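Asker: generate a structure from the sequence data that follows.
(2 chains)
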Amino acid sequence: MSQANAVTLASNPAAASWHPLCSRQELVANSGIVAWFAGTQIALFYLPQTQGGEQLYAIHNRDPQSGANVIGRGIVGQLDGALVVASPLYKQHFRLDDGQCLEQPDQSLTVWPARFKDDQVEILAVGNGAAAN
Amino acid sequence: MSGNVASIRSATLVVIGNGMVGHHCVEQLVELGALSRYEIHVFGEERQRAYDRVHLSEYFAGRDAESLALGVAELYQQPGLHLHLDTPVLEIDRQRKEVVTRDGRTRYDQLILATGSFPFVPPITGAEGTSRLVYRTLEDLDAIRQAAEGARCGVVVGGGLLGLEAANALKSLGLQAHVVEFAPRLMPVQLDEQGGAALRAQIEALGVGVHLSRATTAITPGESCRWRMQFADGEHLETDLVVFSAGIRPQDALARQAGLHIAERGGVVVDEYCRSNDADIYAIGECASWNGSVFGLVAPGYRMARSVAAQLTDQPCEPFTGADMSTKLKLLGVDVGSIGDAHGVTPGSRSYRFIDELSGSYRRLVVSADGKQVLGAVLVGDNSYYDTLLQYALNGIRLPKDPSSLILPQSEGVVALGAEALPDAAIICSCHNVSKGAVCCQVADGVTELGALKAITRAGTGCGGCSALLKQVFEHELSARGIAVDKSLCEHFAHTRQELYGIVRVEGITRFEELLERHGRGSIGCDICKPAVGSILASCWNEPVMDPALVPLQDTNDTFMANMQKNGTYSVVPRIAGGEITPDKLIVLGEVARKYDLYTKITGGQRIDLFGAQLHELPAIWGELIAAGFETGHAYGKSLRTVKSCVGSTWCRYGVQDSVGMALHLEHRYKGLRAPHKIKFGVSGCTRECAEAQSKDIGVIATDSGWNLYVAGNGGMRPRHAELFATDLDDQTLVRYIDRFLMFYVRTADRLQRTSVWRESLDGGLDYLKQVIIDDSLGLAAELEAQMQLVIDRYECEWANALQDPEKLKRFRTFVNAAGADPDIRFVTERGQRRPATPSELTLIPATEEVL
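Answerer: Numbering: from 1, shown residues only, chains lettered A, B, ... in the order given. Model prediction:
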């Protein structure tokens, strides 16, 4: 079990806690699915076999270029060593570990630390997922 | 009448003639800035603007006037440039410096004659109408086409270069073609006796009758055909039409009438700067005579055009001192080449000869008395030796120790002249006067793509004869500068798509990970190689794209088997094969669209597109469609889309075949075939072509006796007319050729390369493609057909397959942990249907609050 590279949360880190989003069985290997969390759409990418072993990433589902919620439907790949997802609409690439767009420096996506807890997929975030649902 | 000359343009330049040379001159003038000082009037006798006469015979093979046109029409729409088509100049008034047309008089300060030539028709009693046709203009070709209706047999008088071209044109019209030549051999100017004999043997083997040493004395009405040609030796030949191609004569009538000096054998006498005896009148191309010679090739004409354009814009120019008349052609599919002193008339010259009676090849190398230089050469049957020999001859390159190696079969060790051996001054493209040095300069300036090189230098865009050499020089220069010609698919595979396809087939690879591990780098891949390999695997093995190991490879549209639109919703296109649909099914589509509130539009491919479905709605929508008998339309895939058809003989009074039946047959046969890019078909039931099949990858047009097959057409961004590939095919042969064509395309095309671009990139062009598909020159046909059969046998509707498997439906949820739709997708209603809201409309709707 590994987790995504640690990301400093913009808001008060003390208030962040681990929230379950779905079970491991819901994931699709080497592809993305999307979870709803407190009004935010979070794309979850599961890569069972990277050089660093099993990887799980949580990244904002909204493509800043189109404004459409489609990142979770992009193709996962590796460019210059970095794991990336390609937006399915205009094909620009976002790094999975920090959300930075490779082609357009002014575009970046929020990412959340993610992990497996037993059979659950969890992210580290501020907020109350249950309340917002 | 040019009283309205703009103030900045103080002088008027008139160009008479808008053929290839006249057009080139105008292009050069514009490029050199002539419009800043001249008002230019161009008068053309023909209705069309300048077109490619070199490739005229392709007019019968499906190319139309527009696609033969030279350059872009916008050239003539610039301020200060006036093109007057269908406007013959009637008189040149040198005293008043005016040209006279039926519309009036136009003053000139400078005048360029580019009136070209006309076909010479010997005075033969009885030659008239369909027994007195010529082969020079598009109008001539229309007349030939008309004469060929109801004809079986056609004769060309003249066995020279143009005569054999004309014979090819008759053949492509389906006529039994004959060539009648006065001289004792074919192409007497370019070929020696043995070369002529070799060419004759090859042409006769193609079913063209060759009649040498025949002087036609009269043409009379025939008995079995329309006409009978009487020969001086008492023999005769019956034919339905006669095309004269017995040489050209300079079109110098205007110049004669204006009192300019005319050469003994015709043509306006010009000096080495193309000036006539009137200092303000130039003559270029085939209407000009320099040193007693008229130059009937396009390259010397272009040189004259450039020279005059440079003079008129005060640029430096080189004097015209004759031209190399070497030629390389494919006549009736037979390679013919002639270089320099082909007949060996230089005193003391000696020859090497190679004769292969089995393949009908002949090659002759003429060398100087001291054996050190190439003076000339004759090639019949194989022009692969031409480029090297021409460079030896033009540049005076010293011969290798054993000169015969230059014409011996390559397996015996040819001493090929590498690009590095050429001097910088060596002309690579003679049409546009591009030297090796100029190519190297572009590489030094950072050009690394052949297409860009051609666009900048225009090399290889004239007759195209230099393409192979140009590529060779270009790639040599790139590698000499240490620039790798990188054909890697992406950073994970140092292979082309074609190479990967070969590996997948040979090694029987069925999984991306396996291919990556054995032949690639890293363990993940990317959004370039994954869909490319996904497509290759589907082409080869045709397993469902939704299988767990394959689904991460697919582009988003293939993954969800629908077409993503700008707001992240999908459109759904069920297959409506051939555009034929029952009222009941049409009602189902309407009901489904109404139920899910889908925007509905008819597509260009005779189908119905339903827009605005969200991810989680797709399985439900498809459940209903499949229950009603629909199947997936593959609108999302790089695969066969539709076969467009007209109603054909079933309903149409003009139809000659059942085009809908054929369209259904083809669509059901090839549906599900995944390819490097999408593939579209069209089937028309008669020559009126209502299905627009000639703009499709595969076009099928009914004839009285079967089907004509067209290939590699395209609409879209870069329209391209499909090319006639085979005629009057029966159903089985048609399908067999399409099987082979598609699989050969799948096998050899680059990633995301449509058939049109693929066809243009094929070395050897359409002829090569015909050899592979029709003549099976690579011995591949059976394999290609078997591969296609495998794909067809394994077809299943991907949506029907996915709906049976809960695992595959896992991703068809907008949210994995919540029911319902994406709240950010907003629609507004327009013309009675919903459509995505625009950003400005969205501000009127409160956005969901993000809580973090």
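Asker: now the closest residue to B:Ala426 other than its chain neighbours, what are its backbone angles?
Answerer: Excluding the flanking residues, the one nearest B:Ala426 by Cβ to Cβ, 6 or more residues apart in numbering or on different chains is B:Lys436, at 4.7 Å. Placement of C-beta: from N, CA and C, glycine included. Main-chain torsions, B:Lys436, degrees, to the nearest 10: phi -60, psi -40.
Asker: B:Val746: how many residues sit nearby?
Answerer: 23 (other Cβ atoms under 10 Å in any protein chain shown).
Asker: helices or strands up against the strand or helix carrying it?
Answerer: Element membership of B:Val746, judged by DSSP states H and E, is helix B:731-748. The contact analysis (3 or more Cβ pairs under 8 Å, 6 or more residues apart in numbering or on different chains; DSSP states H and E) places helix B:731-748 against helix B:497-507, helix B:659-670, strand B:698-703, strand B:706-711, strand B:723-729, helix B:755-761, helix B:765-773, helix B:781-793.
Asker: chain A is nearest to which of those?
Answerer: Among these, helix B:497-507 comes nearest to chain A, with 16.4 Å by Cβ to the nearest Cβ.
Asker: just checking, what packs against the closest one?
Answerer: helix B:512-519, helix B:529-541, helix B:731-748.
Asker: got the angle between the helix holding B:Val746 and strand B:706-711?
Answerer: Counting by axes from the mean of the first three to the mean of the last three Cα atoms, to 10 degrees, helix B:731-748 lies at 10 degrees to strand B:706-711.
Asker: residue of the stretch 601-750 of chain B closest to chain A, please.
Answerer: B:Leu615 (7.8 Å).
Asker: what about B:Leu83, which SS state?
Answerer: strand (DSSP: H, G, I helix; E, B strand; the rest coil).
Asker: could you find the closest non-adjacent residue to it?
Answerer: B:Tyr76 (4.0 Å).
Asker: residues near the one you found, how many?
Answerer: Neighbour count for B:Tyr76, taken as other Cβ under 10 Å: 20.
Asker: who touches it in this structure?
Answerer: Counting by Cβ atoms under 8 Å, 6 or more residues apart in numbering or on different chains, B:Tyr76 touches B:26, B:42, B:49, B:82-83.
Asker: in a markdown table, list those residues along with pLDDT.
Answerer: As requested, those are exported to a markdown table (pLDDT from 0 to 100):
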| residue | pLDDT |
| --- | --- |
| B:Val26 | 95 |
| B:Val42 | 96 |
| B:Arg49 | 89 |
| B:His82 | 94 |
| B:Leu83 | 95 |
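Asker: between these, which sits nearest chain A?
Answerer: Closest to chain A, out of all of the contacts of B:Tyr76 and judged by Cβ to the nearest Cβ, is B:Arg49, at 40.1 Å.
Asker: quick one, strands of the stretch 151-300 of chain B?
Answerer: B:153-157, B:176-180, B:209-211, B:216-221, B:227-231, B:236-239, B:241-244, B:248-250, B:268-270, B:281-283, B:288-290 (DSSP state E, counting those that start in this stretch).
Asker: got the phi and psi for the residue in the stretch 501-650 of chain B positioned nearest to chain A?
Answerer: The minimum distance from the stretch 501-650 of chain B to chain A, using Cβ to the nearest Cβ, falls at B:Cys526 (3.2 Å). Backbone geometry at B:Cys526, expressed as degrees, to the nearest 10, gives phi -150, psi -180.
Asker: in chain A, what residue comes closest to chain B?
Answerer: A:Gly77 (3.2 Å).
Asker: count of residues packed around that residue?
Answerer: Counted with other Cβ under 10 Å, residues neighbouring A:Gly77 total 25.
Asker: low-confidence ranges in chain A?
Answerer: A:1-14, A:127-133 (pLDDT under 70).
Asker: just want the most central residue of chain A.
Answerer: A:Ala58 (1.9 Å; Cα atoms, centre = their mean).
Asker: mind listing what that one touches?
Answerer: A:4, A:21, A:42-44, A:111-114, A:123.
Asker: the same query, at a cut-off of 7 Å, please.
Answerer: By Cβ atoms under 7 Å, 6 or more residues apart in numbering or on different chains, A:Ala58 lies in contact with A:4, A:42, A:44, A:111-112, A:114, A:123.
Asker: likewise for B:His178?
Answerer: B:155, B:208-209, B:211, B:237, B:239.
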